[in-house]
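J.: Below: sequence and its predicted model.
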Amino acid sequence: MSGHSKWAGIKHKKAVVDAKKGKIFSKLSKEISVAARMGGGNPDMNPRLRLAVEKAKGVNMPSDNIRRAIMKGTGELPGTNYEETVYEGYGPGGVAVMIEVLTDNKNRTVGEIRHIMARHNGNMGEAGCVAWMFDKKGYILVDKKVIGEDELMSLALDAGAEDFRSDPGEENHEIITAPGEFNRVKEFLEQKNILLTLAEITMIPRSYVKLEARDAEKMLKLMEALEDHDDVQNVYANFDIPDEIMAES
């Protein structure tokens, strides 16, 4: 899990930086609109929307932007109808890659994603080729400076978490939940005034591919190129990359 934890932390920091440029707001607006369209515009009754709104607030997205995105999703304002799709393939060294997309033009998007994969020593695969290598889970990170391992583990497991990890050398404790238990565990910890570094529904690999030097650098460049695409919401991959290379990304 160390690779997953490290990359999750890096992504979180980059999101804050990107928010200063307004770059991430359009992606969050898409997710909010789709969540509102599928489950209604009330975050209290729509877990997916609640999580999307919390992410938006976490990077200081203006409240008016959030409100307009919800209204576009519910049809109160005109908006684009985005389709959800997942592309799968392989990166450098045979790393499994899953790419979640929201797009208004699937033909355009799949061509652009295929081009990015090929340019960075990867290739697109058939639907289902790597999905079996991942499990959908709730994932929470808590800075080790905030609370001790034993205390947090006891709280997390009592709240309904599936697993707890606190690997030596890592900055954060990791809490893994079933998707259906995610909100309960998250809210329980928040009620205890525990500051969460990250809280999301994600895809966690069942196993990892260890990469060294050149392949590791190529893989990180591929991840960055995919996540930079306007239609890409999330990218998941089962790489394990040395800390010193990860820190340079």
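T.: Perfect, I can see it now.
J.: So which residues of this protein form helices?
T.: 2-20, 25-39, 47-58, 63-74, 106-119, 149-159, 182-191, 213-228, 243-248 (DSSP state H).
J.: now the ones you listed in a markdown table, with distance to residue 170, mean neighbour count and mean pLDDT?
T.: C-beta coordinates here come from the backbone N, C-alpha and C atoms, glycine included. Shown next, in a markdown table, are those (distance: least, Cβ to Cβ, whole Å; neighbours: other Cβ atoms under 10 Å; pLDDT from 0 to 100):
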| stretch | distance to residue 170 | mean neighbour count | mean pLDDT |
| --- | --- | --- | --- |
| helix 2-20 | 6 | 17 | 61 |
| helix 25-39 | 27 | 21 | 95 |
| helix 47-58 | 21 | 19 | 93 |
| helix 63-74 | 32 | 18 | 96 |
| helix 106-119 | 30 | 15 | 96 |
| helix 149-159 | 11 | 15 | 95 |
| helix 182-191 | 18 | 17 | 95 |
| helix 213-228 | 18 | 18 | 91 |
| helix 243-248 | 9 | 12 | 73 |
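J.: Residue 202: which of those is closest?
T.: Closest approach to residue 202 among those is made by helix 2-20 (7.6 Å; Cβ to Cβ).
J.: re the thing from before, as JSON lines, the helices of the chain with distance to residue 81 would be great.
T.: Listed next are those as JSON lines, based on distance: least, Cβ to Cβ, whole Å:
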{"stretch": "helix 2-20", "distance to residue 81": "25"}
{"stretch": "helix 25-39", "distance to residue 81": "8"}
{"stretch": "helix 47-58", "distance to residue 81": "17"}
{"stretch": "helix 63-74", "distance to residue 81": "10"}
{"stretch": "helix 106-119", "distance to residue 81": "12"}
{"stretch": "helix 149-159", "distance to residue 81": "38"}
{"stretch": "helix 182-191", "distance to residue 81": "27"}
{"stretch": "helix 213-228", "distance to residue 81": "23"}
{"stretch": "helix 243-248", "distance to residue 81": "38"}
